[in-house]
Structures are given as C-alpha cells and as structure tokens.
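Trainee: sequence below, structure please.
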Amino acid sequence: MPNPPVVINIHPPKLPSWLGCGPVLAACGALLLIITALSSFYTVPQDSIAVVLRFGKFNSIEDPGLRFKLPLGIDRATVLPVRRQMKWNSDSAPTAPPTRANSHPWSNNNSNAP
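Mentor: Below you'll find the model as predicted:
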C-alpha cells in the first residue's frame, strides 16, 4: 500500500488584533507625513525678514526667500516688514519748492519759528 501524499498547510502568521486595521494606520501615517512636510517650509517676502523662535526662544534671523523650519511647532517664524517702498503720488506733491517756511508738506507753517 502506497503512502498517502503529505499535505503541508502554510498559513501566514496571525497579526495581533490592533494591527488588523493596516490601511487605516497607513492613511494616518501618510496624512501626518504630509502635514509635517507642508508645515516645514515658509516664504519670506523680498521687503521683509523672519525671526525664528525655537521653543519660544530666539534662534535666528532669516533673509528673504523660501526657508525651512522644524515642523509641528518646534520652530515658529514671524515675518517682519523692514523695507517698504512708498509710491510718490504726484498729485500730493507740493507745488512750490521747499523754503524755510515751507520745508515739507507736514510742517506747521509757524512764522515765529527761527
């Protein structure tokens, strides 16, 4: 009588119950990674500087451009305008050349001034 064939059942190991929601954990991890990446970059405009605070204490001053900071509230960047260019409106320009009595448009034309 011939021996019956040997059947070996190979099953993958059972995962713990808390790992059974693999796609949900992967989605949460991907979302956390995206949020971390997006909160790491900031832009400093051309007429401004940024003061970077790490855990609330001064860390550095950054020049204009695309900058990187540590994410999730470790670094905080505050953008401060330092160089603003004002447009001169020719309608508001004084019509007479400046003199001692008329030094600039905001002066108080006080004739008693020396």
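Trainee: where exactly do the helices run in the protein?
Mentor: 22-38 (DSSP state H).
Trainee: count the residues that sit near residue 81.
Mentor: Neighbours of residue 81 under the rule other C-beta atoms under 10 Å: 9. Using the backbone N, CA and C atoms, a C-beta is placed for each residue, glycine as well.
Trainee: pLDDT wise, what is it at?
Mentor: In this prediction, residue 81 carries a pLDDT score of 90.
Trainee: could you list the low-pLDDT ranges of this structure?
Mentor: Judged by pLDDT under 70, the chain has its weakly predicted residues at 1, 15-21, 84-114.
Trainee: all strands for it, in order.
Mentor: Under the criterion DSSP state E, the chain contains strands at 41-44, 48-54, 57-62, 65-68, 75-81.
Trainee: JSON lines please, covering the ones you listed and showing distance to residue 29.
Mentor: Below are the strands of the chain laid out as JSON lines (distance: least, C-beta to C-beta, whole Å):
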{"stretch": "strand 41-44", "distance to residue 29": "20"}
{"stretch": "strand 48-54", "distance to residue 29": "26"}
{"stretch": "strand 57-62", "distance to residue 29": "29"}
{"stretch": "strand 65-68", "distance to residue 29": "22"}
{"stretch": "strand 75-81", "distance to residue 29": "23"}
